[in-house]
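Chemist: build me a model from this:
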Amino acid sequence: MSRIGRRPIPVPKDVTVVIKGNEVSAKGPKGELVRTIHPAMKVALENGVVTVTRPNDEQQNRALHGLSRTLVANMVEGVAKGFEKTLEIQGVGYKAEATAKGVTLNLGFSHQVKYDAPVGIKVVVENATVVKISGASKELVGQVAADIRSIRKPEPYKGKGVRYQGERVRRKAGKTGAK
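Modeler: Numbers count the residues shown, from 1 in each chain. Reported below is the predicted structural model:
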């Protein structure tokens, strides 16, 4: 049996989980999330604990067991506490500015890049070089962070670009000067 899949998911007091067939919805202080789980997986809510079970030990079902449990656990944690990713911007003149819908980035292009965040995602610019992305959906927070990072990935020679907080960029030596 999957070690991850068989672990129960405790539901906090301020979170409501509703299971209708293979559709799981979680509602809490940070928002509401709905996800359809694979029909082979059985999700049950008993005594404030959500459990995910699989019908048999086929390869497909073993693979889906841990995945389904993790998706439901991330929903419960997301509506209770939320998720957050932090991006750092490095480079001379590189900066970010908050807008009503998202963020505007100056990343060394001839133009500003505007990024509109999807519904349920909050983008906060702490200072000109630190951008915090938060929301209830772990998947959506990670995707928004990856989208913003992909606008100007860190380059290996000077390290300029957008990176995750704590990300290490491997540096290359570059060309040596003329004799």
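Chemist: domains in this structure, by residue range?
Modeler: Listed domain ranges for the chain are 9-80, 83-164 (source: automatic domain parsing).
Chemist: now do the end-to-end distance for stretch 118-133.
Modeler: Stretch 118-133 has its terminal residues 11 Å apart, counting by CA to CA, to the nearest Å.
Chemist: setting aside sequence neighbours, what's the nearest residue to the spatially most central residue of the chain?
Modeler: Relative to the mean C-alpha position of the chain, the nearest C-alpha, by CA atoms, centre = their mean, is the one of G142, at 2.6 Å. Residue nearest to G142 in three dimensions, not counting chain neighbours: K85, with 6.5 Å by CB to CB, 6 or more residues apart in numbering. Backbone N, C-alpha and C define where each C-beta goes, glycine included.
Chemist: give me the phi and psi for that neighbour.
Modeler: Main-chain dihedrals, K85, degrees, to the nearest 10: phi -130, psi 150.
Chemist: show me where this structure has strands.
Modeler: 9-10, 16-20, 23-28, 31-36, 42-46, 49-53, 83-90, 95-98, 102-106, 113-116, 121-127, 130-135, 161-164 (DSSP state E).
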